[in-house]
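Chemist: Need a 3D model of the following:
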Amino acid sequence: MTDKVNEECAVAGVSIGVEESAGLIYNALLALQHRGQEGAGIAVLRENRITVVKKRGLVSEVFAKEVLESMPKSKLAIGHTRYSTTGSNTVENVQPFVSHYLTGRIAIAHNGNIINAKQLKEQLRELGVDFNATSDTEVISSLIAYHIVRLNDEVAGIREAVKLIEGAFTLILMTGRGKLVLVRDGYGFRPLCIGRNSYGIMAASESVALDCCGFQFERDVEPGEMVVIEKGEITSSERVIETKKTGVCIFEYVYFARSDSIIDGQSVYKARFNMGVQMAKELPHIDADFVAGVPDSGLDCAAGYAYGSGLPLVSAFVKNRYVGRSFIYPSQLEREHAVSIKLNPLKANVEGKRIILAEDSIVRGTTCAKTVKALKAAGAKEVHMRISSPPFRHSCYFGTDVDKPENLIANQHSIQEIADQIGVDSLAYISIEGMKKACSDSRLDFCTGCFTGSYNIDIDEYDKAILEEEKCSGIEK
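Modeler: You can find the predicted model right below:
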């Protein structure tokens, strides 16, 4: 694990009047590649038969031109890009999952983390259900298939099954009878939205996927809502999961989502810009020459800090656009090399300068230390780091890879000790209140459990040690 908290996954689905669904889902997944880079898959429906192609790797690697062109022509498809927060990084765990049952079949794509997956799996095994993978998505798929058979009704079976699931989830399901079904957990942890054009409807984790595929954003799926789509039209919508409160993961706005997305009414770009403005207001003033951001997620925050402080905004790095996010590399040595070649300081700008450097988060401090060391080697006189999220102190159980508390640098060292360790002249974090204020356009409240230890779901009834073991079981450290 590096300084970055790894993403969860991305989901997309489309129901249209022309047989181009696979190509549209491919484009949607490309737009959502930042949410998961371990594997990708697309499932299409043709004459009541579901065909799925999935593999480890990036979207463009999994779906070469000839692979995409060989898929059956279809008006209905779903897709997924994966980062493993539960289950190992194997091809068996790549989504979508397809479940066959007595009267039909379903394909499912899931983003999130199910905290009662172990209990549900044990119950299903007692009923004779077998499992081939270790992902919680297979548990969801089998649970839904079981209830569809039990009730002899696709929609009723899905409705009954999702009420039994605890945790964070956005689901896109495709049935063998031509339905596209969307479900968002009752808290709204993970984003899911709907767009429309003259051909039909698309759903995706982020609105940027709709934009890139020519669909006009229509609305977010509400927390606890199930939406049924057939032949490019919404045929039903109902709240099937009731909760006492809602809370989208606030780290979607800090880092996970693309800047050009809008989630639950809040522009991600504006949220990050506002975080910079908030930091300029609430943190001690630094006599610096300019403000710079660590590409990419620190750039918008840096722009806000410059605006709020009156300091100029200057580029401090040139980014190698051909190097992916560092955590996709299979070994720690490769990840370290990737960090060193990913960003190169712009010596002409940084030499002899006092820099305020905006970054989104610190997990362990290793990557930040390398970044600061590179700036100092390029001649930077001072580097003052400003972080647009509070210190990580707690694990996340709801679909993001925040490490165990004992591995988080903020639990081991004071802020001054962290500053000394990463080599900055000063270090400061945004406050919880400031971060929330920056996202005040959101229609939902927030989950800030990884910062505060207060979660929207009461996890005390679940064994934390088991949850952490399961959450990290498939992650290469």
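
Chemist: From here on, just use CA atoms for contacts and neighbour counts.
Modeler: Fine.

Chemist: And the residue lying closest to Glu154 once chain neighbours are set aside, what's its pLDDT?
Modeler: With sequence-adjacent residues excluded and distances taken as C-alpha to C-alpha, 6 or more residues apart in numbering, Glu154 is closest to Ile148, at 5.2 Å. Here, the pLDDT recorded for Ile148 equals 94.

Chemist: Show me what counts as buried in the helix or strand harbouring Ile148.
Modeler: Counting by DSSP states H and E, the element that carries Ile148 is helix 136-151. Of the residues in helix 136-151, 136-148 count as buried by neighbour count, 16 or more other C-alpha atoms under 10 Å.

Chemist: before we move on, back to that, residue contacts, the residue nearest to Glu154?
Modeler: Glu154, Val155, Ala156, Gly157, Ile158 (C-alpha atoms under 8 Å, 6 or more residues apart in numbering).

Chemist: What of Met202?
Modeler: Shown in contact with Met202 (C-alpha under 8 Å, 6+ apart): Ala12, Gly13, Val14, Ser15, Ile194, Gly195, Arg196, Leu210, Phe215.

Chemist: Could you list the low-confidence segments of the stretch 351-477 of the chain?
Modeler: Within the stretch 351-477 of the chain, the segments meeting pLDDT under 70 span 460-477.

Chemist: how much space between the residue nearest to Glu154 and Tyr101?
Modeler: 9 Å (C-alpha to C-alpha, to the nearest Å).

Chemist: Same check on Phe215?
Modeler: 33 Å.

Chemist: PyMOL command to pick out the buried ones of the contacts of Ile148?
Modeler: A single PyMOL command selects the buried members of the contacts of Ile148 (16+ other C-alpha under 10 Å):
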select buried, resi 154+155+157+158
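
Chemist: Could you save the contacts of Ile148 as JSON lines and add columns showing distance to Leu171, secondary structure and pLDDT?
Modeler: Formatted as JSON lines, these follow (distance: C-alpha to C-alpha, whole Å; DSSP: H, G, I helix; E, B strand; the rest coil; pLDDT from 0 to 100):
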{"residue": "Glu154", "distance to Leu171": "15", "secondary structure": "helix", "pLDDT": "95"}
{"residue": "Val155", "distance to Leu171": "14", "secondary structure": "helix", "pLDDT": "96"}
{"residue": "Ala156", "distance to Leu171": "16", "secondary structure": "helix", "pLDDT": "97"}
{"residue": "Gly157", "distance to Leu171": "14", "secondary structure": "helix", "pLDDT": "96"}
{"residue": "Ile158", "distance to Leu171": "11", "secondary structure": "helix", "pLDDT": "97"}
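
Chemist: which residues in the stretch 151-300 of the chain form strands?
Modeler: Listed in chain order, the strands of the stretch 151-300 of the chain (DSSP state E, counting those that start in this stretch) span 167-175, 179-184, 193-197, 200-204, 216-220, 225-230, 233-239, 248-249, 262-263, 266-267, 290-293.

Chemist: Packed most tightly, which of these would that be?
Modeler: Mean neighbours per residue, mean count of other C-alpha atoms under 10 Å, is largest over the strands of the stretch 151-300 of the chain for strand 200-204, with a mean of 28.

Chemist: so what strands line up beside that one?
Modeler: Looking at strand 200-204 with DSSP bridges, its partner strands are strand 9-16 (antiparallel), strand 193-197 (antiparallel).

Chemist: Show me the shaky parts of this structure.
Modeler: Applying pLDDT under 70 to the chain picks out residues 1-4, 6-8, 84-92, 132-134, 323-340, 460-477.

Chemist: Which parts of it belong to which domain?
Modeler: The chain is divided into the following domains under automatic domain parsing: 9-246, 266-455.

Chemist: from the middle of its chain, how far away would the host helix or strand of Gly304 be?
Modeler: Per DSSP H and E, Gly304 falls inside helix 297-309. Put simply, helix 297-309 sits 23 Å off its chain's centre (C-alpha atoms, centre = their mean, to the nearest Å).

Chemist: quick one on the thing from earlier: for Arg364, which of the strands of the stretch 151-300 of the chain is the nearest?
Modeler: Shortest distance between Arg364 and these, using C-alpha to C-alpha, is found for strand 290-293: 19.1 Å.

Chemist: May I see the strands of the stretch 151-300 of the chain organised as TSV, with distance to Val62 added?
Modeler: Listed next are those as TSV, based on distance: least, C-alpha to C-alpha, whole Å:
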stretch	distance to Val62
strand 167-175	20
strand 179-184	24
strand 193-197	25
strand 200-204	19
strand 216-220	28
strand 225-230	28
strand 233-239	30
strand 248-249	29
strand 262-263	28
strand 266-267	31
strand 290-293	33
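
Chemist: To Asp445, which of those lies closest?
Modeler: So among those, strand 248-249 is nearest, using C-alpha to C-alpha, at 6.4 Å.

Chemist: For the closest one, name the packing helices and strands.
Modeler: Other helices and strands packing on strand 248-249, by 3 or more C-alpha pairs under 8 Å, 6 or more residues apart in numbering; DSSP states H and E, are strand 446-447.

Chemist: Brilliant, that's me finished.
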